[in-house]
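1. Need a 3D model of the sequence below.
(4 chains)
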Number of protein chains: 4
Amino acid sequence: MLRLAIIGYGYWGPNLLRNFSACEGATVAAVVDRRQERLNAAKRLYPAVEVYASAEEVMKDPSIDAVVVATPVFSHFPLASEALSRGKHVLLEKPMTTSSAHATELIELAQKKNLTLMVDHTFLYTGAVKRIKDIVGMGVIGKLQYFDSVRINLGLFNPEVNVVWDLAPHDISILLHINEEMPESIVATGISHTHNSIENIAYITLNYQSNLIAHFHCSWSSPVKIRKILIGGSNKMIMFDDVEPSEKLRIYDTSYKVSPVSDEDKYNILVDYRLGDIFVPRVGQEEALSGVAKDFISAIKNGTEPVSNWKNGLGVVKVLEAAEKSIKARGREVKI
Amino acid sequence: MLRLAIIGYGYWGPNLLRNFSACEGATVAAVVDRRQERLNAAKRLYPAVEVYASAEEVMKDPSIDAVVVATPVFSHFPLASEALSRGKHVLLEKPMTTSSAHATELIELAQKKNLTLMVDHTFLYTGAVKRIKDIVGMGVIGKLQYFDSVRINLGLFNPEVNVVWDLAPHDISILLHINEEMPESIVATGISHTHNSIENIAYITLNYQSNLIAHFHCSWSSPVKIRKILIGGSNKMIMFDDVEPSEKLRIYDTSYKVSPVSDEDKYNILVDYRLGDIFVPRVGQEEALSGVAKDFISAIKNGTEPVSNWKNGLGVVKVLEAAEKSIKARGREVKI
Amino acid sequence: MLRLAIIGYGYWGPNLLRNFSACEGATVAAVVDRRQERLNAAKRLYPAVEVYASAEEVMKDPSIDAVVVATPVFSHFPLASEALSRGKHVLLEKPMTTSSAHATELIELAQKKNLTLMVDHTFLYTGAVKRIKDIVGMGVIGKLQYFDSVRINLGLFNPEVNVVWDLAPHDISILLHINEEMPESIVATGISHTHNSIENIAYITLNYQSNLIAHFHCSWSSPVKIRKILIGGSNKMIMFDDVEPSEKLRIYDTSYKVSPVSDEDKYNILVDYRLGDIFVPRVGQEEALSGVAKDFISAIKNGTEPVSNWKNGLGVVKVLEAAEKSIKARGREVKI
Amino acid sequence: MLRLAIIGYGYWGPNLLRNFSACEGATVAAVVDRRQERLNAAKRLYPAVEVYASAEEVMKDPSIDAVVVATPVFSHFPLASEALSRGKHVLLEKPMTTSSAHATELIELAQKKNLTLMVDHTFLYTGAVKRIKDIVGMGVIGKLQYFDSVRINLGLFNPEVNVVWDLAPHDISILLHINEEMPESIVATGISHTHNSIENIAYITLNYQSNLIAHFHCSWSSPVKIRKILIGGSNKMIMFDDVEPSEKLRIYDTSYKVSPVSDEDKYNILVDYRLGDIFVPRVGQEEALSGVAKDFISAIKNGTEPVSNWKNGLGVVKVLEAAEKSIKARGREVKI
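-> So this is what the prediction gives:
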C-alpha cells in the first residue's frame, strides 16, 4: 500500500483528498497546511488522516512514499526538491515551477533517483481531451494548422501570479499533449487593470517551424465564462467548448478553397454560416482527477510514464516563461 | 435629384444598386464594371441604368454628382482622387485606401473642394452597433477596459490582400466609432497557409495610453463562422455575437473583485458559469446599407458629417498599416 | 410560355410574384387584389404585369393558363372551382380549403379536367424537409414512433381562423410527406384569450393504427419564436429546429433500453444530458418557394405529380377539420 | 436532536443521507433497504448509521422522530400510515401516493396526530423555481394565461409506473406552487412503445375556470434531455430551461396585439425572431435537496408549514389520477 501526503489543502485540496482516497493500492496518510481551519476541514471528512501544520514531519517520515504538492507555485521547487532528495515520488500541481531552470533541476533529480515526477495537468485526463488526442492522432483533421484557445474566467484575480501563469497552463498542456513539437518563438501582449501590475488579460502567439500557429487569450476580467479551443487541420476543425454541458466537442468538415470564386458564390459564402457537416461525438463524463490519481499511482508502481509527464510540464513552463518575457518587452519576439 | 454612379459591380454591387435606387432624392444613373456579364446583370434588374466598361465616361460626365467606389482597394485612391478633382462626392468601400498617406491626400482634397468623402463601414449602421454606441456613450458599462474581437470567415481566401485588410476593418471601425481615441502602438502576428505568403490568420493587439487594450483575431480558415466582440468596462460587459439570429447583444453585470476570497468561494466561482444578471436588448433589424445610402445622400445635400466619416476611415487604415508592418516584423511593436 | 395570374397580393404576394417571375417557361401576366395600394406595389416592382381589382377578368381570359390563389382560405374553394371549370391549373395557398368536402370536390374536378391542382405547402421544398424525407425514407431512424411539433409565433393573432388552421398546416404537411399513413383519430384541446373565441393556443394528438403518435403544439401567444420538430424512430431521432440559423437538423443516436438498470446507472443517466453521438448534416439553403414555383410549372408542362400534391393537401384539411371538432368538444376523440 | 430514519436507499438515497446528515438539529439514525449491498453502501459513507433490512425496527423504535420514505410509490401509503400512527413525522418522495384517496387519508391522520406530513417535490426548492414564484407573485408577468412544460428524459423506462407518474409530478408541483388554483378538468393522451402497456410518451391538458391552460409533455423516448417550461402572462413570459447551465430563466417582454396589422408588418413579424427585450436573472445555485431537508426539520421543530406541503402533494396526485384516467379513455375529458 502506497502512503501519500498532500501538502497544501486549499480550494483544490478536497478534490485531491477524495480522489486519492478512492484509489486502490494507495492511502492518503497525511495532509499538510499552515491553516488550522483547513486541517480541521480535512479531518472532518477523513478522520483517519494525519494532519500537520508544516511539511517537515512528512518529509522526514520514511513511510511516506509520495507527496502531492498543492501549494502556491513559488514553493513547488523547494518542496519537490526536498521530497525527491528524500526518495519520495512527487506530483506537482500546475504549473510545475516558476522557471524552466527549476523544472529541469527537478527532472534531473528525479531521473537520477529513479523517481516518478508528474504534473497535475488535469485536463489531459478529461474525456474531451482524450478524444481530441485520438482524433488528431488518427489523422482525422489532417495536418495541424492552428490552435486557438480562449479561456476567460469569472473575475477571480490571483494576487500572486499573472493571468498567463494562472490560466494558460491548461491550454498549453493540451496543445503540447496533442502535438509535442515545441514552438520556435513567442510574441505576447497583456495589460493590468489593477494597481499591482499583475496582468489580468493577455494574448500569446506561438510561432512554429512547421506551418502551425497557436494563440492563447487568457482573461480574468469577464462576467461570463468562455472556454473554447479551435484546432484546425487541413481537412477538419475541432471545436472544444468546455462550457457546453453536453456538446463539448464538435468536428467540422472543412472544404475551403483558395481558388477564385464567382461574385455570386462569394456573396453566398459571406451570408452563409458554415460549410460541411458537423459531428458531435459523445464524450466520457468520468472525473478527470480520478484519472490523474490512478496514473500517478500506476507510474510509481509499474514505472510507466504518466500521460501528464515531466516533458509536458517542462514545456508548459518554458512557454509561460517566454510569454511573460515578451509581455514585459511589449511584444518582442522571444525565442524558445 | 442627385445623380450617382456605382464604379465596380462585384458581389456587393447589387446591394449598393438596390439601396441607392430606393433612396429618395437620388438616382443611380450609371454602373461601371469591366466585365460585360456584370453589366448585363445590373441592366436586367434596373433597365433604366446606364452601364459602362470603364469609369472614364462617368468621370467626364458633369451631371454625375457623386460616385460610389466598390472596386478592389488598390484602385480606390486613383478613382477617388479623380472624382474629387472633378467635383464629385465620393463614397469608398472599406477599407478606404491601401495607405494612410493616400487617405490623408484624399481627405485634404475633399476638404479643399468642400466635398463629401465617406467610407462604407456598413457595420456602423447596424441596429446592434448603434445600440452599443448608445450604451457605451451613456456610461452604462463604465470605463472601457478591453475590446476583444473574433471574426472568422468561411474559408474565403482573398488573393489580393491579407486577412487583416479583408476582415479587420469591420471591427476596427466599430472600435473607433465607440471610442475615438487612437491606440499608441500595435503588436501583431500572423501566418500564411498558402503559397502566396498572404496571411490567412492574424492576431492584433492595440495598446492605449488610457488603460484600454484591444485585440482582433481574424481568420479565413474556419468551416464555421464566428463573429463575436466583447466590450468590457469597469461595470458591465457587452457581448456582441453577430451570428446569433435574435440575441446579438447581451449586457452582463460585472461584479468581480480583486480582494482575496476564501477557498470555498474560489471553488464555487471556478465551477460557476457567470456572475450577475444579463440583459438582452431588442435590436433594430433594418438593413444597414440603407442607412449608409441615406447618410451619404444627406451629407451631400445638407453638409452634415456622416456617421462613417473620414476620420474613422483614416483611423482604420492607420491601424491596418501598422498591424501589417508588425506582422512582417514578427510582432515588433509599431507606434502609430 | 405559360401565363399565370396571382389572385391575392397580401404579405406573401411579393414572394410569389418574384419567384414565379424568375421561373423559366412561365410569366406572371396578371395580379389581382381588391386593394389599389397592393396593386400599385406589384406594378412598381414589375411594370409589365397587368393588375386587376377583381378575379373576373383573369377567369374570363383564355390566355391565362394557371392561377395562384393567395387569398383568405374561405375564398379558395369558389376561386379554384371557377378556375378549374374554365380549364386553368390551380396552385392554392395552404391550407387547401376550409373543409375536406370542398377539397374533395376540387380534386374530382381537377381529375376530370386533367388539370394540375397543387397546394403551396412551402416547407416541403426546404432543404431541411427534403433531407428529413431522405433520412426517414432510407430507414436511418428505424420504425417511426413519434412526431412532436412545437410551432409558436410572435403574437400575430389571425382574426379569421384559429391557430390550428393558421399554423398547424405546416407541420401536418411535413408529417404526411414523410409518412403517408393517415391517423385513426384525433384528440385536441385549445383556448382563446381574446373576446372573439378564436383559439390562440392549441394542442393536437394524432393516434395511429401503427404504433405512432403525433402531437402538435400551436400558439400565437409567445414573445419568442419556437419551431421545433422531434421525429423519433426505433434507432435514431431527428431534431428539426427551424429557428437555428446553421444547425437546423440534428440526428441523435438512440440507445435507451427498457431493461432494469442499477441505481448508480440510473443516477448517472438522470444527471446526464444525452446518449450517443450527434450528426449535424449540412442542409441546402435554396429558397423553398422557388422550388414550389418550378414544381408547379413542371407539373403543368410534363404532367408530373408535384411534391406538394393534392393528397397531402386533402390530408392536411382532414386533420385540421377533426382537430377543430375535437377542440370544440373539449377533447372528445374524433375518428378520421 | 431529531432522529430520522431513511426508508429505501435507491438511487436518490445517497443524496437524502448526505443532506439530512448535514442538517443542524437532526441526525440520520437509521437506513432501511431490503438489499444488503445498498445497506453496505450507506454504511461505508456513514459508519455511524444503523442499517436494517426491513422498516419494522424503525417503526417500533420510539426514539425515531421522523421517517423519510424513498421506496417505490405503491408502498408510500402503508409505510406513511404506520409511521404516522406511531407518532412519527413523515417526508414522502414524490409522488405522494398512488391515489388521492390514500393521500387524503394520510393527511387526515397527520392532522389528527398533529404531525408534519410533507412531500419531497425537490424542484420547489431550486433557485430557479423560487425566483419564478417571486416573479409571478409580484405580478411581473401579469395575468397567467398558459403554462407549457416539456420534460423528456434519456430513455430511462420505469417498469412500475407510466411516464405521467414518473415525470409529470415535477412540473405539476411547480404549477400548483406558483398558482394554487386547481384545474376544472383534464384531457390526456399517450402511447406505449413497449410490450407492457406502460405509456412512455404522454400529453396532458389542464383546463381551468380562469382563462388559464396548462399542458405537459412527458417522454422517456428521447436521446437528448429537454426540460423546458413556458409560463405566459398578459405582460411577460418566463422561459425556464433546466438543461441550460447558466441561463435557466429568461423573462421576455410580450407585446403582441390582436389588432390588424399591415401586410408589410405581418411579413416582418413572420421573419423576425422575437419581440421586446429579454432579462436573464442570475439564479441561486444552492442544492435544492438541502432546502427540502431544512424545511422538513423546521416544520417539525417549529410547526411551520413547509413549502412543499400536503396540499401541493395531494393536488399533484389528483391531477395524475385524472390524467391516467383520461389516457385510458382515449382523451375523454375527466373532471377533477
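2. low pLDDT regions in chain A?
-> Residue ranges of chain A with pLDDT under 70: A:155, A:255-261, A:264-274.
3. let's see it at 50
-> A:258 (pLDDT under 50).
4. Return the residues of it in contact with chain D.
-> In this structure, chain A approaches chain D at residues A:224-225, A:243, A:245-246, judged by CB under 8 Å from any CB of the partner chain. Where you see a C-beta, it was placed from the backbone N, CA and C, and this is true even at glycine.
5. can you do 6 Å?
-> residue A:245 (CB under 6 Å from any CB of the partner chain).
6. Point me to the residue of the stretch 101-250 of chain A nearest chain D.
-> residue A:245 (5.0 Å; CB to the nearest CB).
7. secondary structure class for that residue?
-> Following DSSP: H, G, I helix; E, B strand; the rest coil, we place residue A:245 in the coil state.
8. what's the spacing between it and residue B:216?
-> For residue A:245, the distance to residue B:216 (CB to CB, to the nearest Å) stands at 30 Å.
9. Give me the buried positions along the helix or strand hosting residue A:76.
-> Using DSSP states H and E, residue A:76 sits within helix A:76-85. Residues of helix A:76-85 classed as buried: A:76-77, A:79-84 (neighbour count, 16 or more other CB atoms under 10 Å in any protein chain shown).
10. cool, and stretch A:308-319?
-> For stretch A:308-319, using 16+ other CB under 10 Å, the buried residues are A:308-310, A:312-319.
11. From the residues you listed, which land in helices?
-> A:310, A:312-319 (DSSP state H).
12. hmm, who's touching the helix holding residue A:76?
-> Contact with helix A:76-85 is made by A:59, A:67, A:69, A:90, A:92, A:97, A:102, A:106, A:109-110, A:113, A:115, as judged by CB atoms under 6 Å, 6 or more residues apart in numbering or on different chains.
13. ok, 7 Å please
-> A:7, A:55, A:59, A:67, A:69, A:71, A:90, A:92, A:96-97, A:102, A:106, A:109-110, A:113, A:115, A:117 (CB atoms under 7 Å, 6 or more residues apart in numbering or on different chains).
14. hmm, back to that, now render the buried residues of stretch A:308-319 as CSV, adding distance to residue C:230.
-> As requested, those are arranged in CSV below (distance: CB to CB, whole Å):
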residue, distance to residue C:230
A:308, 41
A:309, 46
A:310, 50
A:312, 44
A:313, 47
A:314, 51
A:315, 47
A:316, 45
A:317, 50
A:318, 51
A:319, 46
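15. Out of these, which is nearest to chain B?
-> residue A:319 (14.8 Å).
16. The closest residue to the closest one other than its chain neighbours is in what secondary structure piece?
-> With sequence-adjacent residues excluded and distances taken as CB to CB, 6 or more residues apart in numbering or on different chains, residue A:319 is closest to residue A:172, at 5.0 Å. For residue A:172, the host element (DSSP H and E) is helix A:163-178.
17. Helix, strand, or coil at the residue of the stretch 1-150 of chain A found nearest chain B?
-> Nearest residue of the stretch 1-150 of chain A to chain B (CB to the nearest CB) works out as residue A:11 at 4.0 Å. Per three-state DSSP, the secondary structure class of residue A:11 is coil.
18. count of neighbours near the residue of the stretch 101-250 of chain A closest to chain D?
-> 14 (other CB atoms under 10 Å in any protein chain shown).
19. Mind checking what secondary structure the residue of the stretch 1-150 of chain A found nearest chain D has?
-> At 9.5 Å from chain D, residue A:47 is the closest residue in the stretch 1-150 of chain A, using CB to the nearest CB. Assigned by three-state DSSP, the conformation of residue A:47 is coil.
20. what's the very next helix or strand once past the helix holding residue A:172 in contact with?
-> Downstream of helix A:163-178, the next assigned helix or strand under DSSP H and E is strand A:185-191. With contact meaning CB under 7 Å, 6+ apart, strand A:185-191 is reached by A:199, A:201-207, A:319, A:322-323, A:326-327, A:331, A:333-336, B:187, B:189, B:205, B:211, B:213, B:330-331.
21. next SSE after strand A:185-191?
-> Next along the chain from strand A:185-191, counting by DSSP H and E, comes strand A:201-207.
22. Give the pairing partners of the helix or strand following that following strand; include direction for each.
-> Using DSSP H and E, the helix or strand that follows strand A:201-207 in sequence is strand A:213-219. The strands beside strand A:213-219 in its sheet (DSSP bridges) come out as strand A:144-154 (parallel), strand A:201-207 (antiparallel).
23. Packed most tightly, which of those strands would that be?
-> strand A:201-207 (a mean of 27; mean count of other CB atoms under 10 Å in any protein chain shown).
24. chain center to it, what's the gap?
-> From the chain centre to the centre of strand A:201-207 is a distance of 16 Å (CA atoms, centre = their mean, to the nearest Å).
25. which residues are in contact with that strand?
-> A:162-164, A:168, A:183-191, A:213-219, A:221, A:319, A:323, A:327, B:146, B:189, B:203, B:205, B:213, B:215, B:331.
26. Could you identify the longest strand within chain A?
-> strand A:221-233 (DSSP state E).
27. my guess is residue A:292 contacts residue A:122, does it?
-> Yes: contact between residue A:292 and residue A:122 holds when scored by CB atoms under 7 Å: they sit 5.8 Å apart.
28. which one of these two has more residues nearby?
-> Of the pair residue A:292 and residue A:122, residue A:292 is the one with more neighbours under other CB under 10 Å, namely 27 against 20.
29. dump the residue contacts of residue A:141.
-> Counted by CB under 7 Å, 6+ apart, residue A:141 has contacts A:135, A:231, A:233, A:235-238.
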